[in-house]
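Q: could you work out the structure for the sequence below:
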Amino acid sequence: MTRQRDDGTDDETHGFRGGFINYAALRCTVEPKFAERAIVKHTEYLKKAKLVQSSAQSVSDSEVVAVSGDRIPYDFLVVSTGSTYTGPATKAERIKEFEAGG
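A: Numbers count the residues shown, from 1 in each chain. Below is the predicted model of the structure:
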(Lines give C-alpha, C1' and ligand atoms only; values in the text may rest on other atoms or scores of the structure.)
Protein backbone atom coordinates (compact mmCIF):
# COMPACT_ATOMS: atom_id res chain seq x y z
CA MET A 1 0.00 0.00 0.00
CA THR A 2 1.26 3.45 -0.62
CA ARG A 3 0.22 7.02 0.11
CA GLN A 4 1.22 9.68 -2.40
CA ARG A 5 2.28 13.23 -1.70
CA ASP A 6 0.93 16.13 -3.72
CA ASP A 7 4.19 16.22 -5.71
CA GLY A 8 3.62 12.60 -6.82
CA THR A 9 6.35 10.99 -4.71
CA ASP A 10 5.61 8.13 -2.33
CA ASP A 11 5.12 9.16 1.27
CA GLU A 12 4.91 5.77 2.93
CA THR A 13 4.84 2.16 1.86
CA HIS A 14 3.38 -0.54 4.07
CA GLY A 15 3.74 -4.28 3.76
CA PHE A 16 2.44 -7.33 5.53
CA ARG A 17 4.33 -10.49 6.52
CA GLY A 18 7.90 -11.63 5.79
CA GLY A 19 10.49 -8.89 6.11
CA PHE A 20 13.09 -10.26 3.67
CA ILE A 21 13.70 -10.65 -0.02
CA ASN A 22 16.16 -13.27 -1.22
CA TYR A 23 16.89 -12.82 -4.89
CA ALA A 24 19.29 -15.79 -5.05
CA ALA A 25 17.76 -18.55 -2.89
CA LEU A 26 19.02 -21.37 -5.11
CA ARG A 27 22.59 -20.06 -5.11
CA CYS A 28 22.47 -19.66 -1.32
CA THR A 29 21.49 -23.31 -1.03
CA VAL A 30 24.70 -24.45 -2.76
CA GLU A 31 26.87 -21.52 -1.61
CA PRO A 32 25.64 -20.52 1.89
CA LYS A 33 28.21 -17.70 2.28
CA PHE A 34 26.48 -15.87 -0.60
CA ALA A 35 23.41 -15.46 1.62
CA GLU A 36 25.06 -12.55 3.46
CA ARG A 37 24.76 -10.48 0.25
CA ALA A 38 21.59 -12.01 -1.14
CA ILE A 39 19.22 -11.63 1.80
CA VAL A 40 17.93 -8.08 1.99
CA LYS A 41 15.51 -6.73 4.58
CA HIS A 42 12.72 -4.69 3.02
CA THR A 43 13.56 -1.83 5.40
CA GLU A 44 17.05 -1.60 3.85
CA TYR A 45 15.64 -0.27 0.56
CA LEU A 46 12.23 1.00 1.66
CA LYS A 47 13.52 3.69 3.99
CA LYS A 48 10.09 5.16 4.77
CA ALA A 49 8.33 1.82 5.10
CA LYS A 50 6.34 0.69 8.08
CA LEU A 51 6.28 -3.11 8.17
CA VAL A 52 3.10 -4.47 9.72
CA GLN A 53 3.38 -8.13 10.70
CA SER A 54 -0.33 -8.93 10.68
CA SER A 55 -3.03 -10.31 8.47
CA ALA A 56 -5.62 -7.97 7.03
CA GLN A 57 -8.94 -8.03 8.89
CA SER A 58 -10.83 -5.83 6.44
CA VAL A 59 -10.25 -3.66 3.39
CA SER A 60 -12.24 -0.64 2.26
CA ASP A 61 -11.71 1.66 -0.71
CA SER A 62 -9.36 3.83 1.38
CA GLU A 63 -7.81 1.78 4.20
CA VAL A 64 -6.82 -1.65 5.45
CA VAL A 65 -7.56 -2.68 9.02
CA ALA A 66 -5.03 -5.22 10.25
CA VAL A 67 -5.84 -7.95 12.77
CA SER A 68 -3.34 -6.14 15.01
CA GLY A 69 -5.69 -3.14 15.01
CA ASP A 70 -3.51 -0.91 12.82
CA ARG A 71 -5.59 1.22 10.45
CA ILE A 72 -3.56 1.94 7.33
CA PRO A 73 -4.88 4.44 4.76
CA TYR A 74 -3.80 4.05 1.14
CA ASP A 75 -4.07 5.58 -2.31
CA PHE A 76 -3.01 2.40 -4.14
CA LEU A 77 -3.41 -1.18 -2.92
CA VAL A 78 -1.88 -4.35 -4.34
CA VAL A 79 -3.33 -7.58 -2.99
CA SER A 80 -1.13 -10.68 -3.12
CA THR A 81 -2.59 -13.90 -1.79
CA GLY A 82 -1.56 -17.48 -1.31
CA SER A 83 1.57 -17.20 0.79
CA THR A 84 2.25 -17.50 4.50
CA TYR A 85 5.74 -16.67 5.74
CA THR A 86 6.84 -19.01 8.52
CA GLY A 87 10.59 -18.63 8.11
CA PRO A 88 13.27 -17.13 10.33
CA ALA A 89 12.63 -13.75 11.91
CA THR A 90 16.13 -12.34 11.35
CA LYS A 91 18.68 -12.23 8.58
CA ALA A 92 21.21 -14.04 10.82
CA GLU A 93 18.74 -16.88 11.44
CA ARG A 94 18.10 -17.23 7.69
CA ILE A 95 21.85 -17.38 6.96
CA LYS A 96 22.27 -20.11 9.62
CA GLU A 97 19.46 -22.01 7.94
CA PHE A 98 21.35 -21.96 4.61
CA GLU A 99 24.59 -22.97 6.35
CA ALA A 100 22.77 -25.93 7.89
CA GLY A 101 21.69 -27.08 4.44
CA GLY A 102 18.20 -25.59 4.27
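
Q: can you verify my assumption that residue 23 contacts residue 35?
A: No: counting by CB atoms under 8 Å, residue 23 stays clear of residue 35, with 11.0 Å between them. To be clear about C-beta, it is placed using only N, CA and C from the backbone, and glycine gets the same treatment.

Q: give me the more crowded residue out of the two.
A: The neighbour count for residue 23 versus residue 35, taken as other CB atoms under 10 Å, is higher for residue 35 (21 against 10).

Q: pretty sure that one contacts residue 96?
A: No: the criterion here is CB under 8 Å, and residue 35 misses it with residue 96 at 9.2 Å.

Q: which other helices and strands contact the top helix by length along the chain?
A: Looking across the chain with DSSP state H, the single longest helix is helix 91-99. The contact analysis (3 or more CB pairs under 8 Å, 6 or more residues apart in numbering; DSSP states H and E) places helix 91-99 against strand 20-22, helix 35-38, strand 39-41.

Q: burial count for residue 36?
A: 12.

Q: err, residue 98, not the other one
A: So residue 98, with other CB under 10 Å, has 22 neighbours.

Q: what residues does residue 58 make contact with?
A: 64, 65 (CB atoms under 8 Å, 6 or more residues apart in numbering).

Q: what distance do you get for it to residue 64?
A: 7 Å (CB to CB, to the nearest Å).

Q: surely residue 59 and residue 74 touch.
A: No: using CB under 8 Å, residue 59 is not in contact with residue 74; the gap is 9.2 Å.

Q: thank you, goodbye.
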